[in-house]
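Chemist: predicted model and sequence follow; I will ask about them next.
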Amino acid sequence: MILVSACLAGFAVRYDGSDARNSLAEWLVERGQAVSACPEILGGFAIPRPSAEIVHGEHGHSFRRVRECTGKDVTAPYELGAKRVLNMVKRNNITVAFLKDRSPSCGVDVIYDGTFTGAKIKGMGVTARLLASSGVQVFPDTRLNPETVRPFIDDDLIPDLARFV
């Protein structure tokens, strides 16, 4: 079973009330090959909500905090959402996840740098990091393609992947 970020499956759950629709993610969910989740919603956030970024090494510390653009520390709800997603993953025997890159929850390869200037850095979001450290194979949405999902779907659906090339 595959996990996909809910925004990729077409749900309008992003901070600004939009989605990041991906037709392959929708197809996987519709055919029972994937489940979708939004760690931020599972952490208790509303839609819309202030944007948030991971802030690194504040005041000489190496720990990572998540802050909203308002300055509010929202680390705890991000961690709660990540734990709830991990529980979903365990209950559903999920071994792989395709997550929305750049998100403070779901970023796999890239996240924003915590300055709210649009600058990006190499890094992982809170949920992506927890899933990866728990043995789940995580991929950014930029790698959500037929070749990458093929090993994780039912054999009878493989011929249908050609429509996404």
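Modeler: In hand now; what should we look at?
Chemist: so what pLDDT did the nearest residue to residue 28 once chain neighbours are set aside get?
Modeler: Nearest residue to residue 28 in three dimensions, chain neighbours excluded: residue 34, at 3.8 Å (CB to CB, 6 or more residues apart in numbering). Yep, even glycine has a C-beta here, placed from its N, CA and C like the rest. Looking at residue 34, its pLDDT reads 98.
Chemist: surely residue 34 touches residue 3?
Modeler: Yes. Residue 34 is within contact range of residue 3, at 6.6 Å (criterion: CB atoms under 8 Å).
Chemist: intersection of neighbour lists for these two?
Modeler: Common neighbours of residue 34 and residue 3, using CB atoms under 8 Å, 6 or more residues apart in numbering, are residue 98.
Chemist: any idea how far residue 116 is from residue 44?
Modeler: Counting by CB to CB, to the nearest Å, the separation of residue 44 from residue 116 is 22 Å.
Chemist: ah, wrong one, I meant residue 83
Modeler: Going from residue 83 to residue 116 by CB to CB gives 26 Å.
Chemist: for stretch 145-154, buried residues please.
Modeler: Buried residues in stretch 145-154, counted by 16 or more other CB atoms under 10 Å: 145, 149, 152-153.
Chemist: tell me which of those is nearest to residue 132?
Modeler: Nearest to residue 132 out of these is residue 152 (CB to CB; 16.2 Å).
Chemist: if I look at the closest one, what pLDDT would I see?
Modeler: 97.
Chemist: mind listing what it touches?
Modeler: 1-2, 33, 95-96.
Chemist: which members of those occur in strands, if any?
Modeler: Using DSSP state E, 2, 96 are the members of the contacts of residue 152 that sit in strands.
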